[in-house]
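1. Quick one, fold the following:
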Amino acid sequence: MKQRALGRQGLVVPAIGLGTMGMTGVAGMPEMYGAADEAEGIATIHRALELGVNFFDTAEVYGPYSNEELLGRALAGRRHEAIIATKFGFRIVEGRIAGQDSRPENVRAALEGCLRRLGTDHVDLWYQHRLDRSVPIEETVGVMAEQVKAGKVRYLGLSEVGVDTIRRAHAVHPISALQSEYSLWERNLEAPSPGGQPAVLQVCRELGIGIVPYSPLGRGFLTGTVARAEQLPERDYRRHDPRYVGDNYDRNQRLLEAVRSVAARRGAEPAQVALAWLLQRGEDVVPIPGTKRRRYLEVNAAAAELALEPADLATIDAAGPVSGARYTERSLATIDR
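-> As a prediction, this is how the structure comes out:
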């Protein structure tokens, strides 16, 4: 697997990582992308190590907690082969999310909990999962930086934050990676920020911060295998995804058909085309497609070898923008812009 640098601080990872969220779901949504299979999840992690896809993304809120535990069990005796990224920042009450919490005492407690669950003495990349507007980012990053100094964390990251927060955080301690949604399905990082400020992507490159796109396959839409919202299981998160609902789903078929056309021309899978598009946005981009099955992992990993041509990119661009908001209003409220 080809390697890429995330940030200017020395973190080197494979060009494609593995998001593990689907192996357990998220707090309150254990089957958000269908039923999980722990044995297959662990087998997928082991196969990822064999393929060189050894950059694993988890979070305390996945499960909650059980995702870190699963990854820890899968990596028992093989921790040295893996690069682990995890996240903190939610208040979790009786297994459900009850807002953000980046108070210093919770930041410290969250790290101790994740180290215990992962069965390790350090985390390679540690993100604040969502901005807590009640705590200055300087205070949160200051506590995160203490953990770097203590040797419990190697590199720091942020998730779904805007340019002002990025600059303020980076001034306290170098930020190596920004994890945000970014794909053919969602290109907000390329758009100018509110108030006439530059795009998030531009600011990250100015400061030397790598980009880690989550949901790089549009929550499965760009694989061409996911039905419209009304046909999905009751507990599937996508039943409430605006882009999967009604006319939006129908209009978004234009993008999928463009991706399928390129895939047919190149002898590839649609998912590989979508990932290759992201990889060609810059050497600082490392997508983390999530899967809980080995067969999809193998498809995704092979995308690192696919180089799209100008005609392929033109076909995709001609499809136009996606239809519908990327989240419900409730979820959008947790994103800093």
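
2. low pLDDT regions in the stretch 151-300 of the chain?
-> Within the stretch 151-300 of the chain, no range satisfies pLDDT under 70.

3. tell me the helices in it, going along the chain?
-> Listed in chain order, the helices of the stretch 151-300 of the chain (DSSP state H, counting those that start in this stretch) span 163-172, 200-207, 246-251, 253-266, 270-279, 294-302.

4. Nearest to Gln100 among these would be which one?
-> Among those, the nearest to Gln100 by Cβ to Cβ is helix 163-172 (12.9 Å). No exception for glycine: its C-beta is placed from N, CA and C like everyone else's.

5. so which strand or helix has Gly324?
-> Here Gly324 is covered by no helix or strand, with elements defined by DSSP states H and E.

6. What segments of this structure are strands?
-> 3-6, 11-14, 18-19, 55-57, 83-88, 90-93, 96-100, 123-128, 153-159, 177-181, 210-214 (DSSP state E).

7. Include distance to Leu313 and mean neighbour count when you put those strands into TSV, please.
-> Formatted as TSV, these follow (distance: least, Cβ to Cβ, whole Å; neighbours: other Cβ atoms under 10 Å):
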stretch	distance to Leu313	mean neighbour count
strand 3-6	20	18
strand 11-14	24	19
strand 18-19	25	27
strand 55-57	26	26
strand 83-88	29	24
strand 90-93	37	17
strand 96-100	38	15
strand 123-128	30	25
strand 153-159	28	23
strand 177-181	21	25
strand 210-214	17	25
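
8. quick revisit: redo the helices of the stretch 151-300 of the chain as CSV? Include mean neighbour count.
-> Listed next are these as CSV, based on neighbours: other Cβ atoms under 10 Å:
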stretch, mean neighbour count
helix 163-172, 19
helix 200-207, 19
helix 246-251, 15
helix 253-266, 18
helix 270-279, 24
helix 294-302, 20
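
9. Which of those helices sits closest to Leu313?
-> Set against Leu313 and scored by Cβ to Cβ, the helices of the stretch 151-300 of the chain come closest in helix 270-279, at 7.4 Å.

10. what's that closest one packed up against?
-> helix 253-266, helix 294-302, helix 310-317 (3 or more Cβ pairs under 8 Å, 6 or more residues apart in numbering; DSSP states H and E).

11. Now distance to Arg219 too, for the helices of the stretch 151-300 of the chain, in a markdown table please.
-> Converted to a markdown table, the helices of the stretch 151-300 of the chain look like this (distance: least, Cβ to Cβ, whole Å):
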| stretch | distance to Arg219 |
| --- | --- |
| helix 163-172 | 25 |
| helix 200-207 | 21 |
| helix 246-251 | 12 |
| helix 253-266 | 13 |
| helix 270-279 | 12 |
| helix 294-302 | 13 |
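
12. circling back to that earlier point, tabulate the strands of the chain in TSV, adding columns for distance to Pro289.
-> Below are those laid out as TSV (distance: least, Cβ to Cβ, whole Å):
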stretch	distance to Pro289
strand 3-6	15
strand 11-14	12
strand 18-19	6
strand 55-57	10
strand 83-88	14
strand 90-93	23
strand 96-100	23
strand 123-128	17
strand 153-159	16
strand 177-181	12
strand 210-214	9
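
13. Quick one, which of these gets closest to Arg254.
-> Arg254 sits nearest to strand 177-181 of all these, at 20.1 Å, using Cβ to Cβ.

14. What are the contacting residues of the closest one?
-> 6-7, 11, 57, 85, 87, 125, 127, 155, 157-161, 166, 188-189, 200, 204, 209-215, 286, 288, 326 (Cβ atoms under 8 Å, 6 or more residues apart in numbering).

15. Distance check, Gly218 against Leu275.
-> Note on Gly218: its distance to Leu275, by Cβ to Cβ, to the nearest Å, is 11 Å.
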